[in-house]
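S.K.: Make a model of this:
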Amino acid sequence: MDKNYFSKIRILDGGMGQHLLTKGLKAKGSLWSATALIHEKYHQLVVDAHLDFIKSGADVIVTNNFAARKIRMVQNKVEEHFNYANKKAGELALKAKEISKKNVLIAGSLPAQNDTYVLDQRDKKVIEKGFYDQAKLIKPFVDFFYLDVLCGSKECEIALDITKKLKLPVLVGLHVKKNGKLPSGETISEVVEKCKDENWLGLIAACVSPEIIENTIDEIKQLKIPFGFKANLWKEQTPLPAFKIQTKEHGASDEIGINPNEVLGKRDDFTDIKFLEFSKKMMVKGATILGGCCETKPLHIKKISSLKN
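M.R.: Sure thing, here's the model as predicted:
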């Protein structure tokens, strides 16, 4: 694909997992959106959710395998479905693209291989196998890989080595905390200095609040690569990892997962118009990659898609 694809305004999709819950998905344990991949009765729901974002003007949709990482499947005792779920994520994204007849690109999600929002301190070979096993399954269906909410240079370097071996370019999504640093304690600049290579399509702040994005955008701008965001609309600006959300204390069980917004809250006050105003401010700073993450809905994406004109 064109390595300069993100040098002009491009619209990414929104929060796929939360949108699936809104559309009727009943999640198992901490499987969240991956429940919809394991059970055939939800497959059309995944296609429809992708189509909602495509119809709203997204140029890029992300495969729905964020929660289908190996460790999450093992924790929920469904690891035998790992290959099926990840392959199905690619198939369903491609099906949505074909139905839409739109020239959208498909980004293959490569999420942090332990839990979300926390640094993975396991052995390098374990992390490497996790990334590779997911990447090889979704590669036939995608245009590029998306490093989905990574938390430090260690896992970023490992994932980038995998994407190079599989010969696809990559959009890098880094998670930043209120202090402007990744969970690893590194700054965005430090991670880019260690990891950036010719395979990068761009860099985004991933599953981060609009306020944190605003506070870090000047640092990102100085790195001289296409940049932007996938903003979440959780009320909690320091979101908890799944293992701290899906607990008995919060009403979850091995069979029943609770909606993360019951713990993290959602910003109903952050309307589509407010999201548009925020996106315009980031465009003034030079952002060209605009999109949403958890709790950003098709209406938010539809509103910012007007910025392409």
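S.K.: and stretch 2-22, what's its mean pLDDT?
M.R.: Averaging pLDDT along stretch 2-22 yields 97.
S.K.: mind listing what's buried in it?
M.R.: Using 16 or more other C-beta atoms under 10 Å as the test for burial, stretch 2-22 gives 5-6, 9-22. Yep, even glycine has a C-beta here, placed from its N, CA and C like the rest.
S.K.: and the residue nearest the centre of the chain, what is it in contact with?
M.R.: For the chain, Asp148 is the residue whose C-alpha lies nearest the centre (C-alpha atoms, centre = their mean; 4.4 Å). Asp148 is in contact with Val62, Phe66, Ser109, Leu110, Pro111, Ala112, Gly173, Ala206, counting by C-beta atoms under 8 Å, 6 or more residues apart in numbering.
S.K.: rerun that using 10 Å as the cut-off
M.R.: 62-63, 65-66, 69, 107-112, 116, 159, 171-173, 175, 206-207, 230, 293 (C-beta atoms under 10 Å, 6 or more residues apart in numbering).
S.K.: just curious, which of the buried residues of stretch 2-22 is nearest to His43?
M.R.: Nearest to His43 out of these is Leu20 (C-beta to C-beta; 11.3 Å).
S.K.: my guess is that closest one contacts Gln44, does it?
M.R.: No. Between Leu20 and Gln44 there is no contact under C-beta atoms under 10 Å: 11.5 Å.
S.K.: Spit out the residues that contact the two alike.
M.R.: Ala36.
S.K.: the longest helix in the protein is where?
M.R.: Ranked by residue count under DSSP state H, the longest helix found in the chain is helix 82-100.
S.K.: So which bits of that one are buried?
M.R.: Result for helix 82-100 [16+ other C-beta under 10 Å]: buried residues 82, 85-97, 100.
S.K.: Next: stretch 251-271.
M.R.: For stretch 251-271, using 16+ other C-beta under 10 Å, the buried residues are Ala252, Gly257, Ile258, Asn259, Pro260, Asn261, Val263, Leu264, Lys266, Arg267, Phe270.
S.K.: Could you export those residues as a markdown table, including secondary structure?
M.R.: Compiled in a markdown table, the buried residues of stretch 251-271 are given as follows (DSSP: H, G, I helix; E, B strand; the rest coil):
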| residue | secondary structure |
| --- | --- |
| Ala252 | coil |
| Gly257 | coil |
| Ile258 | coil |
| Asn259 | coil |
| Pro260 | coil |
| Asn261 | helix |
| Val263 | helix |
| Leu264 | helix |
| Lys266 | strand |
| Arg267 | coil |
| Phe270 | coil |
